[in-house]
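Chemist: how does the following fold in three dimensions:
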Amino acid sequence: MKHVKGLDADVVFQEIIIVNSLVATPDARSKGLGIIDDKLMAASVELIANNTGAAGKVAAKDTYDTSALPQPPIKP
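Modeler: Next up, the predicted model:
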C-alpha cells in the first residue's frame, strides 16, 4: 500500500481473503500450487472440443505442461 496511494486497507484485506480462497484449494494444499488433475483436464478439454467442432483433434495432455512447476511443490 505504500507504493499505491489511495488503496483502502479494508478493501485490500478482503481481496486477499477472496484470492486466497480461490488459490488455496484442497488440491493445492495437498499437491501444491499449479497442480492439474489429469481427469478433470481431460473432461474440460472434451467438453470444449465437443462444443467447438474440435472433438478428437485435441488431447488433454497436449494442453498443459507442469515441468516448470517448482520441486518440491509450493503448498499454501
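
Chemist: spit out the contact partners of residue 12.
Modeler: Residue 12 makes contact with residue 1, according to C-beta atoms under 8 Å, 6 or more residues apart in numbering. Any C-beta I mention is one placed from the backbone N, CA and C, and that applies to glycine too.

Chemist: secondary structure element for it?
Modeler: Applying DSSP states H and E as the criterion places residue 12 in helix 9-23.

Chemist: centre-most residue in the protein?
Modeler: residue 34 (5.6 Å; C-alpha atoms, centre = their mean).

Chemist: quick revisit: would you pull up how far the helix holding residue 12 lies from the middle of the chain?
Modeler: 16 Å (C-alpha atoms, centre = their mean, to the nearest Å).

Chemist: tell me where the protein has helices.
Modeler: Ranges of helices in the chain, per DSSP state H, are 9-23, 26-31, 38-50.

Chemist: output the ones you listed as TSV; include the columns mean pLDDT and distance to residue 65.
Modeler: Shown next, in TSV, are the helices of the chain (pLDDT from 0 to 100; distance: least, C-beta to C-beta, whole Å):
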stretch	mean pLDDT	distance to residue 65
helix 9-23	94	20
helix 26-31	93	16
helix 38-50	94	12
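
Chemist: looking at these, which is closest to residue 72?
Modeler: Between residue 72 and these, the shortest separation by C-beta to C-beta is 10.7 Å, and it involves helix 26-31.

Chemist: minimum distance to residue 73: which of the helices of the chain has it?
Modeler: helix 26-31 (6.3 Å).
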